[in-house]
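> model the structure of this input:
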Amino acid sequence: MNEQMREDLTQFCRFDCDRYEFLINWLNREEISHSVIPTGSARHILIRLDKIRPYLKRYHVKTLVAHYDRVDGTPGANDNSSAVMQLLYSIDKLKSLNFAHNIQIILTDKEELMPGESLVNQGAYQLANLFREKNINNCIFFVFDMCGIGDTLISGRAGLQLLKNKYDNEIRFKKMYDHMRHFSDSLADLFLSFRDGEYFNLNSLFSDDLGFLLNRYPALQISVLPYSDALAVKNNLFRIDDEKWNEVQGKGVLSAEYREFLKPLLPQSWNSNHKSSDSIERLTDSAFDVIDEFILELAQYQIPYGEVNS
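Modelled structure (predicted):
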């Protein structure tokens, strides 16, 4: 993390920061073209990067997502200011690539729901619903959340199970489940080769990926953990027998029972999330290096565009 990024993060994490205005001013300062997509009370910021090198229509548009809102009264450094800055600071490098990378960026609003709000109030859910209405079918979403602490890339593991549960009850999700499984399989080589295969499919929580998945878009959450945390989570997960997993997943991956079941399995480095201790002092340069490397690897990895659910 260079000094300018650290200064930007410091300002972005101030309690009195208007984070939407900060981002708009930052993009204007850096002369980066963008547009605002309103959904309900949310304001999402879209950054297309196809003016220098047009996107290749035969491949999916890889959409990198990070939510810029935070829980009131918290700095929100790891959740989710670090990922926002990582995506912003990747723009110059992506623009300088001498090949078409098919990447766009969306900074989303209203990931953090207020008590009593339902999932349909989530900004990403509303955004995905808008994309469906506009018949936008060529996007695959990579959701970056909790990416500021550690040195080990991990991904979400609950999306496929969610879709499997959905299509057991709603046949329209079967095609999406098959598509998401194909998407996951196609990324296996990328993840296994990244940093010599140091990859963990561990995160059982949802972020904005949930809103996209429920609107039948392929979406995968990306996070970072210290290696010791990743190993501990992996070992804890493997100690749970299949019968217990089936029981708790049978209650639904969106249920209160599922969330309670996960609490003791969550990594120690996420204990500060949604708390006043989620400060920039806890962030590590190694996490920024990991995400920087991964985005450039992802830029080279094209995913053929085929028919997706409409």
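
> in space, what's closest to residue 225 - neighbours in sequence excluded?
residue 150 (4.3 Å; CB to CB, 6 or more residues apart in numbering). Bear in mind the C-beta positions are built from the backbone N, C-alpha and C, glycine included.

> give me the number of residues near the one you found?
Number of residues near residue 150 (other CB atoms under 10 Å) recorded here: 24.

> next one: residue 138
Per other CB under 10 Å, the neighbour tally for residue 138 reads 15.

> contact partners for it?
Going by CB atoms under 8 Å, 6 or more residues apart in numbering, residue 138 touches 57, 60-61, 305, 308.

> returning to that earlier point: in three-state terms, label the residue nearest to residue 225 for me.
Following DSSP: H, G, I helix; E, B strand; the rest coil, residue 150 is assigned to coil.

> list the contacts for it?
Residue 150 sits next to 224-227, 229-230, 269, 284, 286-287, 290 when contact means CB under 8 Å, 6+ apart.

> looking at the contacts of residue 138, which gets the smallest pLDDT?
Lowest-confidence member of these: residue 308, scoring 44 (pLDDT).

> quick one: which helix or strand includes the residue positioned nearest the centre of the chain?
Central residue of the chain (CA atoms, centre = their mean): residue 143, 1.5 Å from the mean position. Per DSSP states H and E, residue 143 falls inside strand 139-144.

> so what's the gap between that strand and the chain middle?
Put simply, strand 139-144 sits 6 Å off its chain's centre (CA atoms, centre = their mean, to the nearest Å).

> what lies in contact with it?
Under CB under 8 Å, 6+ apart, the answer for strand 139-144 is 60-66, 80, 83, 86-87, 124, 131, 156, 183, 207-209, 212, 217-223, 291, 298, 303.

> kindly export stretch 188-208 (C-alpha atoms) in PDB.
Taking Å, rounded to 0.1, in the frame of the first residue of the first chain, the C-alpha atoms of stretch 188-208 are listed here in PDB:
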ATOM      1  CA  ALA A 188     -10.400 -24.000 -10.800                       C
ATOM      2  CA  ASP A 189      -7.200 -23.800 -12.900                       C
ATOM      3  CA  LEU A 190      -6.900 -20.100 -12.200                       C
ATOM      4  CA  PHE A 191      -7.300 -20.500  -8.400                       C
ATOM      5  CA  LEU A 192      -5.100 -23.600  -8.200                       C
ATOM      6  CA  SER A 193      -2.300 -21.900 -10.200                       C
ATOM      7  CA  PHE A 194      -2.500 -18.600  -8.200                       C
ATOM      8  CA  ARG A 195       0.400 -18.400  -5.800                       C
ATOM      9  CA  ASP A 196       1.300 -22.100  -6.400                       C
ATOM     10  CA  GLY A 197      -2.100 -23.400  -5.500                       C
ATOM     11  CA  GLU A 198      -2.400 -21.700  -2.100                       C
ATOM     12  CA  TYR A 199      -6.100 -21.400  -2.400                       C
ATOM     13  CA  PHE A 200      -8.900 -22.200   0.100                       C
ATOM     14  CA  ASN A 201     -12.600 -22.500  -0.800                       C
ATOM     15  CA  LEU A 202     -13.700 -21.600   2.700                       C
ATOM     16  CA  ASN A 203     -16.000 -18.600   3.100                       C
ATOM     17  CA  SER A 204     -19.500 -19.700   4.100                       C
ATOM     18  CA  LEU A 205     -20.800 -16.100   4.500                       C
ATOM     19  CA  PHE A 206     -22.500 -14.100   1.800                       C
ATOM     20  CA  SER A 207     -21.900 -10.500   0.700                       C
ATOM     21  CA  ASP A 208     -23.200  -8.900  -2.500                       C
END
